[in-house]
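Q: Any chance you could fold what I've pasted below:
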Amino acid sequence: MARASTTSDAFNAVAEPRRREILSYLGETERPVGEIVAALRMGQPSVSKHLRVLRDVGLVRMRCQGRQKLYRTNAEAIRPLHEWAGTFERYWQHQLNRVKERAEAIVRHGSDVNPQELKEKK
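A: Sure thing, here's the model as predicted:
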């Protein structure tokens, strides 16, 4: 099965670490290209290329203010990424709860507690 183009699929677009950096940076507020270049220490052609991909898949929006181009995230387009990642958040929250329960049991019962016994008590 062929891999989806980065210009047509948001998941492939954010697979590139620099694009995720740009999205994170734009998460706070709308910013001009020059500010993105300076803050992320990337070349202007590279930032423009990444912004073009993000714009093509709808993850960022651009507006012109005079000669300046301003970019901001498109929260609605990011929602499917957030929802997908949320499935793993539930998994990790469950895992963290289990670690917390075991740690609390060790504190209550001392360091000689057997983790297998804790499992069997549930």
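Q: Going by C-alpha atoms from here, please, whenever you check contacts or count neighbours.
A: Noted.
Q: Could you pull up phi and psi at the closest residue to Asp9 other than its chain neighbours?
A: Using CA to CA, 6 or more residues apart in numbering and skipping residues adjacent in sequence, the residue nearest Asp9 is Val57, 6.1 Å away. The phi/psi pair for Val57 (degrees, to the nearest 10) reads phi -90, psi 0.
Q: what do you get for Thr73?
A: According to degrees, to the nearest 10, Thr73 has phi -70, psi 150.
Q: Please apply the same query to Glu28.
A: According to degrees, to the nearest 10, Glu28 has phi -80, psi -40.
Q: Give me the neighbour count for it.
A: Neighbourhood size, Glu28 [other CA atoms under 10 Å]: 10.
Q: What of Ala13?
A: Applying other CA under 10 Å, we find 22 residues neighbouring Ala13.
Q: ok, now the one 3 residues further on?
A: One way to gauge burial is a neighbour count; for Glu16, by other CA under 10 Å, it gives 12.
Q: Now do the contacts for it.
A: By CA atoms under 8 Å, 6 or more residues apart in numbering, the contact set of Glu16 is empty.
Q: phi, psi of it?
A: When read as degrees, to the nearest 10, the backbone of Glu16 gives phi -80, psi 120.
Q: any idea how far Val53 is from it?
A: 11 Å (CA to CA, to the nearest Å).
Q: does the most centrally placed residue in the chain sit in a helix or strand, and which one?
A: Note on the chain: the residue nearest the mean C-alpha position is Arg20, at 6.6 Å, using CA atoms, centre = their mean. Element membership of Arg20 [criterion: DSSP states H and E] is helix 17-26.
Q: just Met62 next, same as before
A: If you go by DSSP H and E, Met62 is part of strand 60-65.
Q: partners of that strand in the sheet?
A: strand 68-73 (antiparallel) (DSSP bridges).
Q: Dump the partner strand to PDB, restricted to CA.
A: C-alpha atoms of strand 68-73 as PDB (Å, rounded to 0.1, in the frame of the first residue of the first chain):
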ATOM      1  CA  GLN A  68       3.700  40.300   5.800                       C
ATOM      2  CA  LYS A  69       2.300  36.700   5.900                       C
ATOM      3  CA  LEU A  70       1.000  35.700   9.300                       C
ATOM      4  CA  TYR A  71       0.400  32.000  10.200                       C
ATOM      5  CA  ARG A  72      -1.700  30.400  12.900                       C
ATOM      6  CA  THR A  73      -2.800  26.900  13.800                       C
END
